[in-house]
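> return a 3D structure for these sequence lines:
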Amino acid sequence: MKKLILLACTFCSILLASAQCEPGDYDFQGAEYGVFPDVASGLASGCLNEPYLQTIYFLVPSDAGAIDSLYEGVPISSITLNGISYNGGTDISTLGLTLSCNPANCTFMAGGQYCGTVTGTPNQVGEFPVSIDVTAMISVAGFPVPLPYSFPGYTFTVIDCANPNNVNEVVGSFELGAISPNPANHSARVPFTLSSNEKVDFTMVNMVGERIMSKTFAGKRGENTLTIDVAELPAGIYLYTVQSGSFKSTRKMVVQH
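Numbering: from 1, shown residues only. Next comes the predicted model:
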């Protein structure tokens, strides 16, 4: 019995060690600030009831303007990773996942590079809109002020890898194609496919999470194309989301004049 317990403890230690991330394993190539994977790269998909591992790297800026232009020139002392949530605030623990950090308190000092690891066993199939939630500690007139902030636009996809028929059903029900042109300067076309006639919601936000555009319309079974006018939008990077029923996908587009 003692040997079995020792073996089990050793096995758990190996698992914990393998889940511990190393901040320097990703090269931000001289950037002032960054998160990887970013929205364009996306989070790795998971398989239902199978172990999952995703490492996220953070390069913390010294100027809050790198995160939000409204705070340009305001110094940051640290950023605390509060957690990762989905569907507007539900913690990923309800999906069977756990977040751990290096350092363990998930507080990252300005100018440094750090990492976090999402591990666990996904317990639900679907596409989940995910945001990374942090609190930046900034200095205003010499006083420390907490600034809550969320990075939206991520999607975590879980499929039933043990049941190919179910995978086909989930993927075939809703499919979002690539926007074109991208970059766009006047208008852009968003193709998507539905398995039935359904209501479709389209939203677009800028990189600080402000809603720029919102449309609701009737989609038809099969191939659809939504044309959006971007002529009056400021040049920059935007995130657009197309949702039909419980299916939801988010992509990135660039406006360039």
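> the helices in the protein, which residues?
2-19, 164-173 (DSSP state H).
> ranking the ones you listed by mean pLDDT, which is last?
If those are sorted by mean pLDDT, helix 2-19 sits at the bottom with a mean of 38.
> pLDDT at the nearest residue to Val190 once chain neighbours are set aside, what is it?
Of all residues beyond its chain neighbours, the one nearest Val190 is Leu226 (4.4 Å), with distances taken as Cβ to Cβ, 6 or more residues apart in numbering. C-beta: built from backbone N, CA, C; applies to glycine. With respect to pLDDT, Leu226 scores 90.
> for Thr117, list each beta-bridge partner.
Applying DSSP bridges to Thr117 gives these bridge partners: Thr55, Ser100.
> from Glu210, how far off is it?
Between Thr117 and Glu210 the computed distance is 30 Å (Cβ to Cβ, to the nearest Å).
> one step back: for burial, what's the neighbour tally of the residue nearest to Val190?
17 (other Cβ atoms under 10 Å).
> next, the contact list for it, please.
Each residue near Leu226 by Cβ atoms under 8 Å, 6 or more residues apart in numbering is listed here: Arg189, Val190, Phe192, Val200, Phe202, Lys215, Phe217, Val242.
> now Leu59
For Leu59, the contacting residues are Phe28, Ala31, Glu32, Tyr33, Gly34, Val35, Gly112, Gln113, taking Cβ under 8 Å, 6+ apart as the criterion.
> any idea of the pLDDT on the closest residue to Tyr26 other than its chain neighbours?
With Cβ to Cβ, 6+ apart as the measure, Tyr57 is the residue that lies nearest to Tyr26, at 4.1 Å, once sequence neighbours are left out. Predicted confidence (pLDDT) at Tyr57: the value is 93.
> what's the answer for Gly34, then?
According to the predicted model, the pLDDT of Gly34 comes to 85.
> ok, the contacts of Leu59 vs Leu97, which is closest?
Val35 (17.8 Å; Cβ to Cβ).
> so that closest one makes contact with Val60?
No: counting by Cβ atoms under 8 Å, no contact exists between Val35 and Val60, whose distance comes to 9.8 Å.
> neighbour count: those two, which is higher?
Val60 (23 against 18).
> ok, the more buried one touching Ala110?
Yes: contact between Val60 and Ala110 holds when scored by Cβ under 8 Å: they sit 5.4 Å apart.
> same question for stretch 92-102, mean pLDDT?
Averaged across stretch 92-102, pLDDT comes to 94.
> what does it contact?
When contacts are taken as Cβ under 8 Å, 6+ apart, the neighbours of stretch 92-102 outside the stretch itself are 19-23, 52, 81, 83-86, 106, 114-124, 128, 130, 156, 158.
> now list the buried members of those.
Under a neighbour-count criterion of 16 or more other Cβ atoms under 10 Å, the subset of the contacts of stretch 92-102 counted as buried comprises 19, 21, 23, 52, 81, 83-86, 106, 114-120, 122, 128, 130, 156, 158.
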